[in-house]
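J.: Structure for the following, please:
(one chain, ligands or ions: 2)
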Amino acid sequence: METRPLILDCDPGQDDAISLMMALSPHSGLDVRAITVVAGNTSLNKCQRNARLIAELCAKHGGAKDVPVFAGCETPLHYPLATAEEVHGVEGLDGIEIYDPSLPLQDEHAVDAIIRLCRNLDSVVLVPTGPLTNIATALTRAPDIADKIAEIVLMGGARSEAGNITPSAEFNIYVDPQAAAIVFDAPVKKTVFGLDVTHKALIRDTHVAQIEALDTSMSAILTNMLRSPYAEYDRAKFGTAGTPIHDACTTAYLLRPDSFTFRNVCVNVETDSRITRGHTSVDYWQMTEKTPDTHWAIDVDETAFFDLMIESIASYPKF
Ligand code: RIB
Ligand code: CA
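T.: Ligands and ions are numbered 1, 2, ... in the order given. Coordinates of the predicted model:
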C-alpha cells in the first residue's frame, strides 16, 4: 500500500470523484497532501467546485479532513479546451446534488502548489486523472522537481483499445497532447492506466446493488452516480456489461498494486495530426530509442478492484 505523500490532480467527473472517495476514505491509509484541479471533463470552475464538493462530502462523512484544493490550468497548452459534458452532465457530476461547498478553494495556483510540495517533500507521488496540463506546466517551469517525484500514476492513453474521444485517442491525452508528451518524456517513473485496463475495471449492476445495500450516506451518493446517465454512456458506446470507472484504477493501484499486471514500455504521443492527435504510440518491443520507464497496465483483477471500491465506501460511517 502506498505510504508516500500524494498529490491528486483531477477533473471531476464522476470517475475522478469515485477515485477521490476511495483515496480520502477513513481507513485508506493514503497520505493525500493536496487535490489539484485541471479543466477537462468540464470547465475549470466547475471541476474545482466539484473537487471541493467531493472533498467536503468525504470529510463530512468521516473521511480525510482539510485536504487543500487548488485550481490550476483552465486551458490546454496548445489546443482549445475540449470537454465531455455529454458523458458527465452539464455540471460535470450527474447523479450528485450540486451545491456550492463551504470548503474553500486555496488562493495558490495548482501549478505553484505542485512545485512547492515537490520541492518540500522527500519523494512525492503525482496522481493525475485528467488532462496533464498542470503536471506538464510544473515540470516545464521547475525541471528540478523531476528528481523529487517518485512516480507519476496516471489515467490516460490506449494501445489495444481504440480511443474514446476519437478512433485514435483517449480523452485525457486528446485534450492536451503537448502536455502528455512532456510528461511521457520526463525522466520520472510513470505508471499508466489506459483504456486497455480501465475497460476491464467495470462496475456491473450486481456491484451497484451491493453498494446500495451498504445503506450509508456515502454509499447512497455513489449509488446515485452509478445509476445516473453517466453510468450508461460508456456501456451504450462500447457495449460493455458494466461502467468503466477509469480513474479509480489509480487509487486501486495505490491501495493494492498487485491487483494489476504491467508491461515496461515507452510511450510517444501524437501532437499534430488532425486525425490521430492524442494517440499514444506504446512501444511494446523496444523499437524506439526512449527509456522504457513507463509501466503500462495491461490487466486488472476485476474482483479485487471492486472489493477495494466497496471496502473503501463501506469504511465511511453510516451517517
Ligand atoms: O478517458 C477517460 C478519462 O477522461 C477519465 O479520466 C475521465 O474522467 C475523463 O477525464
Ligand atoms: Ca478524469
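J.: and the nearest residue to residue 240 once chain neighbours are set aside, what does it touch?
T.: Leaving aside its chain neighbours, residue 240 sits nearest to residue 202 (5.7 Å; criterion: C-beta to C-beta, 6 or more residues apart in numbering). Quick note: C-beta positions are derived from backbone N, CA and C, even for glycine. Residues in contact with residue 202 (C-beta atoms under 8 Å, 6 or more residues apart in numbering) are 240-245, 302.
J.: One more pass at 7 Å, please.
T.: If you count contacts by C-beta atoms under 7 Å, 6 or more residues apart in numbering, residue 202 has them with 240-244, 302.
J.: With residue 95 instead?
T.: Contacts of residue 95 (C-beta under 7 Å, 6+ apart): 14, 224-225, 227-228, 230.
J.: The closest residue to it other than its chain neighbours: neighbouring residues, count only.
T.: Take residue 95 and drop its neighbours on the chain: the residue closest to it by C-beta to C-beta, 6+ apart is residue 228, 3.0 Å away. Residues within reach of residue 228, counting by other C-beta atoms under 10 Å, total 18.
J.: Out of the contacts of residue 95, list just those in helices.
T.: Among the contacts of residue 95, the residues falling in helices (DSSP state H) are 14, 224-225, 230.
J.: A helix includes residue 157, no?
T.: No - membership of residue 157 in a helix is not supported by DSSP: H, G, I helix; E, B strand; the rest coil, which gives coil.
J.: State the distance from it to ligand 1.
T.: When distance is defined by C-beta to the nearest ligand atom, to the nearest Å, residue 157 is 9 Å away from ligand 1.
J.: Could you double-check that residue 152 lies in contact with residue 188?
T.: Yes - counting by C-beta atoms under 7 Å, residue 188 is a contact partner of residue 152 at 5.6 Å.
J.: the more surrounded of these two?
T.: More crowded of residue 152 and residue 188, by other C-beta under 10 Å: residue 152, with 24 against 20.
J.: so what's that one bridging to?
T.: Taking DSSP bridges as the rule, residue 152 bridges to residue 126, residue 190.
J.: Quickly note the distance from it to residue 218.
T.: For residue 152, the distance to residue 218 equals 28 Å [C-beta to C-beta, to the nearest Å].
J.: Check residue 58 too.
T.: 8 Å.
J.: sorry, back to before: how about CSV for the ones in helices among the contacts of residue 95, with neighbour count, distance to residue 311 and pLDDT added?
T.: Shown next, in CSV, are the ones in helices among the contacts of residue 95 (neighbours: other C-beta atoms under 10 Å; distance: C-beta to C-beta, whole Å; pLDDT from 0 to 100):
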residue, neighbour count, distance to residue 311, pLDDT
14, 30, 19, 98
224, 15, 20, 97
225, 24, 18, 97
230, 24, 23, 94
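J.: Could you say which helix or strand holds residue 34?
T.: strand 31-37 (DSSP states H and E).
J.: Which secondary structure elements does that strand sit against?
T.: strand 5-10, helix 44-60, strand 69-71, helix 110-120 (3 or more C-beta pairs under 7 Å, 6 or more residues apart in numbering; DSSP states H and E).
J.: any residue of it up close to ligand 2?
T.: No - in terms of C-beta under 5 Å from the ion, no part of strand 31-37 sits within range of ligand 2; the closest distance is 10.5 Å.
J.: Turn the helices and strands packed on strand 31-37 into CSV, columns for mean pLDDT, mean neighbour count and distance to ligand 1.
T.: Putting these into CSV (pLDDT from 0 to 100; neighbours: other C-beta atoms under 10 Å; distance: least, C-beta to the nearest ligand atom, whole Å) gives the following:
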stretch, mean pLDDT, mean neighbour count, distance to ligand 1
strand 5-10, 98, 26, 8
helix 44-60, 98, 23, 9
strand 69-71, 98, 24, 16
helix 110-120, 98, 20, 16
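J.: right, so of the ones you listed, which gets closest to ligand 2?
T.: strand 5-10 (5.9 Å; C-beta to the ion).
J.: Residues touching the closest one, excluding its own?
T.: Outside strand 5-10, the residues that touch it by C-beta under 7 Å, 6+ apart are 16, 20, 23, 30-38, 51, 114, 117, 121, 124-130, 134-135.
J.: can we see that at 8 Å?
T.: Contacts to strand 5-10, defined as C-beta under 8 Å, 6+ apart, come from residues 16, 19-20, 23, 30-38, 47, 51, 72, 110, 113-114, 117-118, 121, 123-130, 134-135, 247, 254.
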